[in-house]
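Participant: take a look and give me a structure for this.
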Amino acid sequence: MPGCVWDGLVDGEKDCGDSGLNVNNKKEEEDRMWIHGVIFAGIAVFAAAGKRWPKNSRKKIVFIMLAANFMGLFLTYTQNQNRIYQENSYLERKPAGEGDYTRELLVSVEGEEQQKVQISVPEQVSDEPEQESEKEEPLSRQEILEQEIQQALQTYNQKRNEKDKYYLPSQLDGKDMQWEQTPDFSGRYLAFLGIAAGAALLIQKQKKEEEKRKKRREQMMMDYPGLIMKLTLFIQAGMSVRKAFQKMAEDYQAMGKEKEKRYAYEEILICSREMEQGIPEKEIYERFGKRCGQVKYKTFSVLLIQNLKKGNQNLLKMLEVESIQAWEDRKRTAKVMAETAATKLIIPMIMMLLVVFALLLIPACLTFYST
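Facilitator: Got it, this is the predicted structure:
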């Protein structure tokens, strides 16, 4: 019999594309795909408004979301096609010996709400009608309707008397029935999974950036006293601030890649290059303070700007005071960091203590009970 086949269900009509029921089916497909349109709009807003994130990261996140939503859209479209079945539709029976199987469908009877029905499809050799189990408890309205549908299925297929097909009736007690496949939401799940993956990637990227900024702040605060001391020594040796900056930059470059990158000296190196380009010192020191972004370094840049007006003698006194204060701050910072590290080690130490107790007590207990 020619017809349309989809996931085991066959439509007995010769042309499934011209029926009025398929028009409703298309409308339902459109209704089910609106969520993907909303997701596309959300991705577009994120791509336009998320400029504060790095461009490469933003592109990667948008690509993941778009790919997942396109695949979800494809699944939603393909898995929900031809969900409404025509008259004389049927389910394929399994060959003899493979047993019965259950199929969940949506059915709407005229005058009743749509509901899910579990249809038990017998194997090909089973010609006897299924026996309904008697229930002592009163049946609900939904259970009564489901029982009537099951009975209608058995009666209808007994009349058709076909061993390899299990037909779906189009009427129940003179009322029209419409059968549908249960909707497939895998496309939506895939789209939301893509959004979740993009959000997780974004959060991870932000966390890494925050850790990098925190490391930079801590490192620059630890390097600040040494930087002030070096500058003070160079100025006491007769160098100008300009020459002192260039000397510190040369010393840092001489280290090459042997040591870890030091962010404070990287900023000094930038200042040295700007001096070689002929940029005014006042502007260089202002940029230095803004790039460092910390109060100590901003104060230091203000001292350097004042030096351009008042001379090195006042600068030396101010740098000496600043150096003493910076070393005191570093001691306090090192103490706090040590306390933080000790706190983080408490849980591993407790776990190690429990392991030691276990190694001592378990053999002792086993020996005691064995004797």
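Participant: isn't S301 right up against Y285?
Facilitator: Yes. Shown here, S301 and Y285 form a contact pair, counting by CB atoms under 8 Å, at 4.6 Å. Heads up, the C-betas are built off the backbone N, CA and C, glycines and all.
Participant: what sits against the closest residue to K230 other than its chain neighbours?
Facilitator: Of all residues not flanking K230 in the chain, M248 sits nearest, at 5.9 Å (CB to CB, 6 or more residues apart in numbering). By CB atoms under 8 Å, 6 or more residues apart in numbering, the contact list for M248 reads L227, K230, L231, F234, Y265, I268, S272.
Participant: state the mean pLDDT of the stretch of helix or strand the fourth one belongs to.
Facilitator: Assigned by DSSP states H and E, F234 belongs to helix 186-236. When pLDDT is averaged over helix 186-236, the result is 86.
Participant: just stretch 326-337 next, same as before
Facilitator: pLDDT averaged over stretch 326-337 gives 80.
Participant: can you check stretch 155-168 too?
Facilitator: pLDDT averaged over stretch 155-168 gives 75.
Participant: please apply the same query to stretch 100-110.
Facilitator: On average, stretch 100-110 scores 67.
Participant: give the buried residues for the helix or strand containing A342.
Facilitator: Using DSSP H and E, A342 falls within helix 312-344. Using 16 or more other CB atoms under 10 Å as the test for burial, helix 312-344 gives L315, M318, L319, E322, S323, A326, R330.
Participant: stretch 363-371 now?
Facilitator: Per 16+ other CB under 10 Å, stretch 363-371 contains no buried residues.
Participant: go on, stretch 37-45?
Facilitator: Result for stretch 37-45 [16+ other CB under 10 Å]: buried residues I39, F40, I43.
Participant: just the CA coordinates for it, please, in PDB.
Facilitator: Provided in PDB are the C-alpha atoms of stretch 37-45 (Å, rounded to 0.1, in the frame of the first residue of the first chain):
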ATOM      1  CA  GLY A  37      14.300  32.800  16.400                       C
ATOM      2  CA  VAL A  38      14.400  34.200  19.900                       C
ATOM      3  CA  ILE A  39      17.800  32.500  20.500                       C
ATOM      4  CA  PHE A  40      19.100  34.000  17.200                       C
ATOM      5  CA  ALA A  41      18.000  37.400  18.300                       C
ATOM      6  CA  GLY A  42      19.600  37.000  21.700                       C
ATOM      7  CA  ILE A  43      22.900  35.900  20.100                       C
ATOM      8  CA  ALA A  44      22.800  39.000  17.800                       C
ATOM      9  CA  VAL A  45      22.300  41.300  20.900                       C
END
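Participant: what does it contact?
Facilitator: V62, M65, L66, N69, A191, I195.
Participant: with respect to L308, which of these is nearest?
Facilitator: V62 (47.6 Å; CB to CB).
Participant: how is the residue nearest to K230 assigned, secondary-structure-wise?
Facilitator: Recorded secondary structure, M248: helix (DSSP: H, G, I helix; E, B strand; the rest coil).
Participant: could you do W179 as well?
Facilitator: Per three-state DSSP, W179 ends up strand.
Participant: how close does it get to L168?
Facilitator: W179 is 5 Å from L168, where distance means CB to CB, to the nearest Å.
Participant: helix or strand with the lowest mean pLDDT in this structure?
Facilitator: strand 4-6 (a mean of 37; mean pLDDT, DSSP states H and E).
Participant: give me the element K259 is part of.
Facilitator: Going by DSSP H and E, K259 is not in any helix or strand.
Participant: immediately after whichever helix or strand Y252 is part of, which helix or strand?
Facilitator: Taking DSSP H and E as the criterion, Y252 maps to helix 241-255. Toward the C-terminus, helix 241-255 is succeeded by helix 263-276 as the next helix or strand (DSSP H and E).
Participant: more crowded one of W179 and L168?
Facilitator: Neighbour comparison, W179 and L168: the larger count goes to L168, with 25 against 22 (by other CB atoms under 10 Å).
Participant: what comes up buried for stretch 215-235?
Facilitator: Result for stretch 215-235 [16+ other CB under 10 Å]: buried residues 216, 220-232, 234-235.
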